[in-house]
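Visitor: Need a 3D model of the following:
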Amino acid sequence: MADEAGSQADGQRQFICGVIEGFYGRPWTTEQRKDLFRKLKSMGLSSSPSYMYAPKDDYKHRAYWRELYTVEEADHLSSLIAAAKEAGINFYYALSPGLDMTYSSPKEIATLKRKLDQVSQFGCEAYALLFDDIESELSKADKEVFQTFANAHVSVTNEIYTHLGSPKFLFCPTQYCASRAVPTVQESEYLNTLGSKLNNDIDILWTGDKVISKTISIESIQEITEVLRRPPCIWDNLHANDYDQKRVFLGPYSGRSPELIPYLRGVMTNPNCEFYGNFVAIHSLAFWSRCSLDSKVNSSLSADIKLETENEDEVPAEFLSKNVYHPRVALKNAITDWLPEFFMEKEAWGPITKPQPQVQMVMPIIPIIPSINTCMSLTTTTTTSTNSRTVPEVNTTQLQALADVCVVTSSLTPISNPVMNSLVSPTKVITNDDIINPIPTTAASNIELPKKIPISVVSVPIMEAKSVEASVDLDNAVFDNNLIKPNSESAKERLELEMDDLEEKQEPVASLSVDTMLDEASLSPVSGGVNEPMECSSSIASQVSPREEEAIKLVADDVLMESVNDSMHVESGTSSPILNAEMGEENEAQSVKIIDNNSTAGGYESKITVEDLSLLCDLFYLPFDHGSRGLKLLVEFNWLKSNANVILQERRAGGVIDAIKTPKPEVTEWHQRCEQFDELCTDVVGLLIKIANCQNKEICHELYSYVWDISGALSLLNCYVKWLALGHFPHNTSSYTEGSYTWFSKGWKEAFMSGDQEPWVFRGGLIADLQRLMPVDSGNDLFVYKLPEQPTANYYLLRPYCNADEQNVNDVCTRLYLQWQGEPDGGSHIPFPLPANVTSIVADGLVGGHLVLSPQLCIVAYDENNRVIGYACAALDVNIFRRNLQLCWFTELREKYPKDLCPQEGDEEVRRLVSRFVEKFHCSSSNVPLEDCPVEVSGSFPAVLISGTLREAEERDSGITKRMLTVLLAALRANGCFGAHVCVPDEDVGQVNYYSRIGFVDVYREEATKCIYMGRRF
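Guide: Prediction:
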């Protein structure tokens, strides 16, 4: 066989193993590369440890490949080559000329030779030519000389190889994986031509079955070896993350048996863009390269999911052999060796930025263009293999229809990364905005989608025994919110299954939900600016705010998620504020307990531990797998949400907890698992604080934003669970909160983990999967946050409101209102606090009614010192709420603030302010009934809402208001409400801008009262 012959012929050649710096986005710095060489030496890779210089956005590598290096650049490149030699590392210098090269031009060939000759003078002895991600059509001039595209590549590469004196040489083909072979690997004219005509001493790079391959089998390697007539060298994208700004991969090297080694020329990993995020990837690859046997674990999941549940002693002895590779053992070893890096004192300056390229997409769920060998080409449609298992599918016309519902986009144009240069400074990557980068990082308008993509169509309740089947016709569906009927039945929840049984029996699947998180970069074009790592960097993700929508589309975001009409669950017309106040007191003890539990959060140990790094790796595992605790977070939240109805069993018809009877076992179990979920979330907050405080600020800058992002997502879920624990929702709440495309939807998990789809189809990773569990379907913008500019141990968390928070909420409301009032002219400023006898008059008039009449729908945000810094409150039915305000709350306010009230101190501005509120309270007497909310508003946006966040808190974390709002909207939805509005005076620019930033749009203007009604659906 050809593969056997190849193995024998190459028996004397050393196995190549190492790292390719081959991604789009910000390159590594000179010092980082030298640090990499030292690590490669210490980790003990195979007999031929190697590094390939191929950063796609280092502009003289690809975009301006013809240009020679300056003296300064030559010094840096020479020092890199010398450092690699000193460490015993093979330095491969790569060029990517295929974007615009005329292969038949002698001048072009001479230019290529001149460039490589210059590099050879720097001491380089190994080279690579890369022809990936380019047009596969020959130019008119080339067609006159070459019969095929492959012949052109062979001709150029062979000539260059000979010119350089037959050095170590790697070649990356245009068809670099099985899914890109046309029509198949064996029948590909391109690959067969390479095999027969490319010099046999030139090694050919190959990524496996896919661009990012979950597994690589011996059989697939034998197939490509036969075609190429030589064993391939694997360009491994398992840990590449340049296609997704929400993911970094910290799991171990897996899915490739060490038994592959005799069949390969080598393996080089193209890892995360974040240099310091690659320790586990490289360390575990080094361990793998020294092994000869596989652990025989058939599923990487089955092995890795037990990582935290098994003791070291429980690992079979044969897995611990030095010659046997086991991903779990490799991960533990890597974490142990990684830990000291966090205690090396290194400084970093400037705002945090993401190194991945900025991208735009036609819609939020299509495959995006990632990177070299982690990227889809601009013209080729990826084909995917199918297996016997049937996975629900939706055609892409339907997906586009969903996208149109959720995202309002202007015409999109391809965007380019800034031109970057990593060879002019040892510690920085310099950006030159004056040079045009001809390489678009994405061409969304040119992406061809597969006709069908696996997708869930039915959400499967975790405790539901019978299967549910339904089909969704999105093409023909006409959504009218006023015609949607409530679900007559809710699924009966059952508690017979333990979580372990659920993990085995459930077959949930990830979603192509249109609620997929969007980076701000996905919504806004790239703005100019320097993009240098840590020292003077800027980022779209930290600059651009999401574009405000000009018009709202009133549509049901999920046809399985039924809305309500006149039978909506709202406050009863006979309900009194006294009863609601009692309910608030009833829950105060529990809420105070939550405060106490979190009050110690600021006392975390500042030093990061092995256990912390294990948690970090679990949260950001691998492209096709979530780590064990990541899965546990998903499973536990879904279980708590699906079984929340058991909480209602604690209450009598009057809403009072039954203190006599012993709680039922299922109720006890729910509360226990609620506490366990809270502990998991608290651990993640602790991890965030420790990373912010770690001595190595370079690691901190690279990893902090990821942990900050997932910590924010968990704050949403944890607050929602705490709200569910209070039991303020109807028995049929599941009919309002089921139906989203989530990890637990039918077919999603299998599609995510199968490896049949490239991982950029499932954009966002664990962070997105957690966010999608929140029942807020049309909330794309709610998950778009501005990155913190600096790592900070200060953080904000969320919880339901309790009576003890009243004064703090009043203070926040008053301070923010006074700031808003001083904005229009910029001159008038009323100091805080107000005079003693009117200190709460503003808060009483704005938020007091919500705190008294509807405390169960109030969410607060608090800082590390347990100080309230923001609130979001709502009432389910605006007209009932207005009547209760008039009958109860304003009656009390008229007694508290008489007509002749004068502030004890203060200037004219204070007196005018007090007069306005006093007049408002007394004009709303029982003899002058409040008008109902305009039907144009209450029909589609029945809930009324108010929110506020301290300015300094928003400056520190601009996403805190959105997170509060997300939990509140989820609580409203759990009560059968799908639209909310705010009413603000049209001259109050501060309030209008505040609500616009969190997704509210104008829906009605009332001329008589000079008020603007702003609404949003969810």
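Visitor: Let me know the secondary structure of residue 425.
Guide: When classified by DSSP: H, G, I helix; E, B strand; the rest coil, residue 425 comes out as coil.
Visitor: Look up phi and psi at it.
Guide: phi -150, psi 140 (degrees, to the nearest 10).
Visitor: Distance check, it against residue 697.
Guide: Distance, residue 425 to residue 697, by C-beta to C-beta, to the nearest Å: 18 Å. Just so you know, the C-beta spots here come from the backbone N, C-alpha and C atoms, and that holds for glycine as well.
Visitor: who has more neighbours, those two?
Guide: Using other C-beta atoms under 10 Å as the criterion, residue 425 and residue 697 rank with residue 697 on top: 19 against 16.
Visitor: Now the more buried one: closest residue in space, sequence neighbours ignored.
Guide: The spatial neighbour of residue 697 that comes closest, neighbours along the chain excluded (C-beta to C-beta, 6 or more residues apart in numbering), is residue 348 at 4.1 Å.
Visitor: Run a quick check on residue 169 versus residue 126, I expect a contact.
Guide: Yes. At 7.2 Å, residue 169 and residue 126 qualify as touching, with contact defined as C-beta atoms under 8 Å.
Visitor: Any stretches of the stretch 851-1000 of the chain with poor pLDDT?
Guide: 904, 906, 924-930 (pLDDT under 70).
Visitor: what are the ranges of the helices in it?
Guide: 878-884, 890-896, 908-923, 935-938, 951-956, 960-974, 989-997 (DSSP state H, counting those that start in this stretch).
Visitor: Using CSV, lay out those helices together with mean neighbour count and distance to residue 803.
Guide: Shown next, in CSV, are the helices of the stretch 851-1000 of the chain (neighbours: other C-beta atoms under 10 Å; distance: least, C-beta to C-beta, whole Å):
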stretch, mean neighbour count, distance to residue 803
helix 878-884, 21, 18
helix 890-896, 16, 16
helix 908-923, 16, 22
helix 935-938, 16, 29
helix 951-956, 14, 22
helix 960-974, 26, 18
helix 989-997, 18, 26
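Visitor: Between those, which one is closest to residue 242.
Guide: helix 960-974 (26.6 Å; C-beta to C-beta).
Visitor: Just want the angle from that closest one to helix 989-997.
Guide: 60 degrees (axes from the mean of the first three to the mean of the last three C-alpha atoms, to 10 degrees).
Visitor: starting at the chain centroid, how far to helix 960-974?
Guide: 19 Å (C-alpha atoms, centre = their mean, to the nearest Å).
Visitor: quick one, domains of the chain?
Guide: Per the record, the chain has its domains at 16-298, 610-775, 798-1017, by the TED database.
Visitor: mean confidence score for the second one?
Guide: In this model, domain 610-775 carries a mean pLDDT of 90.
Visitor: What separation is there between residue 86 and residue 839?
Guide: For residue 86, the distance to residue 839 - C-beta to C-beta - is 71 Å.
Visitor: Same check on residue 996?
Guide: Distance from residue 996 to residue 839, by C-beta to C-beta: 30 Å.
Visitor: I appreciate the help and will end here.
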